[in-house]
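> Here's my sequence, what's the structure:
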Amino acid sequence: MDCIFCKIANGDIPSKKVYEDEMILAFHDISPMAPVHVLVIPKVHIENVDAVTEENSKYISHIFEKIPAIAKVAGAENGYRVITNCGENGCQSVMHLHFHILGGVKLPEKMA
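Take a look at the predicted model:
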């Protein structure tokens, strides 16, 4: 598989880690859109939200259980935004499910 996030999760490509356990990895985005911009990925390949199933949903619930601590460690003190993109029209650039944690400043209300 030629998935950059799978390679990062496997340690084949280095990343600036914020959090890691047996199920997930959180690391700093290489092109941050806010002072805090962390990506959180499952270590198993799940293409996007449309590919979440009863069998793999434990990874997604685990991600959301860990997001508050990840955001705090990364420096998102007074709130943050969690975003995921799904498919072409949702502007998903890497076809491996990932969640962006954005914070560190007051974020704009509108996305566009």
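
> Which neighbouring elements make contact with the longest strand anywhere in the chain?
For the chain, the strand with the greatest residue count under DSSP state E is strand 36-42. In this structure, strand 36-42 packs against helix 4-10, strand 24-28, helix 57-74, strand 99-103, with contacts taken as 3 or more C-beta pairs under 8 Å, 6 or more residues apart in numbering; DSSP states H and E. Glycine gets a C-beta too; all of them are placed from N, C-alpha and C.

> among these, which is nearest His37?
strand 99-103 (5.6 Å; C-beta to C-beta).

> orientation of that closest one relative to strand 24-28 in degrees?
Interaxial angle of strand 99-103 relative to strand 24-28 (axes from the mean of the first three to the mean of the last three C-alpha atoms, to 10 degrees): 40 degrees.

> List the strands paired with strand 99-103, with their directions.
strand 36-42 (antiparallel), strand 80-83 (antiparallel) (DSSP bridges).
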